[in-house]
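[1] here is a sequence together with a model predicted from it:
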Amino acid sequence: MKVSEVRAMSSEELIKQLQTANRELFDLRLKATTKQLVNHREIPRTRRKIAVIQTIIRERELEGK
């Protein structure tokens with residue numbers, strides 16, 4: 001997901017995406033712990049996705065002030 005795509009989303013969509021990404025990260029960590037994770041690069045990719053979403057949400061909060 002590109003940053004421009006994230007910026008085009010509404011605030012409600014961003015919150016849903018953030019919840020989904022957090023759940024995905026939890027599942028990936030669980031799989032990594034139980035040695036079921038095939039591609040270990042998915043964890044940093046998901047963490048970056050969460051960071052981008054949180055950054056956009058914070059930018060919007062600061063614009064409103």
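    On my side now, so go ahead. Numbers count the residues shown, from 1 in each chain.
[2] ok, residue 47 - contacts?
    residue 25 (CB atoms under 8 Å, 6 or more residues apart in numbering). Just so you know, the C-beta spots here come from the backbone N, C-alpha and C atoms, and that holds for glycine as well.
[3] tell me the SS of it?
    Taken by DSSP: H, G, I helix; E, B strand; the rest coil, the conformation at residue 47 corresponds to helix.
[4] now it: how far from residue 22?
    Residue 47 sits 10 Å away from residue 22, going by CB to CB, to the nearest Å.
[5] likewise residue 44?
    Residue 44 is 15 Å from residue 22, by CB to CB.
[6] which one of the two is surrounded by more residues?
    residue 22 (14 against 10; other CB atoms under 10 Å).
[7] quick check: nearest residue in space to the residue nearest the centre of the chain, chain neighbours excluded?
    For the chain, residue 50 is the residue whose C-alpha lies nearest the centre (CA atoms, centre = their mean; 2.5 Å). Nearest residue to residue 50, sequence neighbours excluded (CB to CB, 6 or more residues apart in numbering): residue 21, at 4.8 Å.
[8] now swap in residue 54 and tell me
    Per CB to CB, 6+ apart, closest to residue 54 is residue 18, 6.9 Å.
[9] and the host helix or strand of that neighbour, what does it pack onto?
    According to DSSP states H and E, residue 18 maps onto helix 11-33. Judged by 3 or more CB pairs under 8 Å, 6 or more residues apart in numbering; DSSP states H and E, the packing partners of helix 11-33 are helix 42-64.
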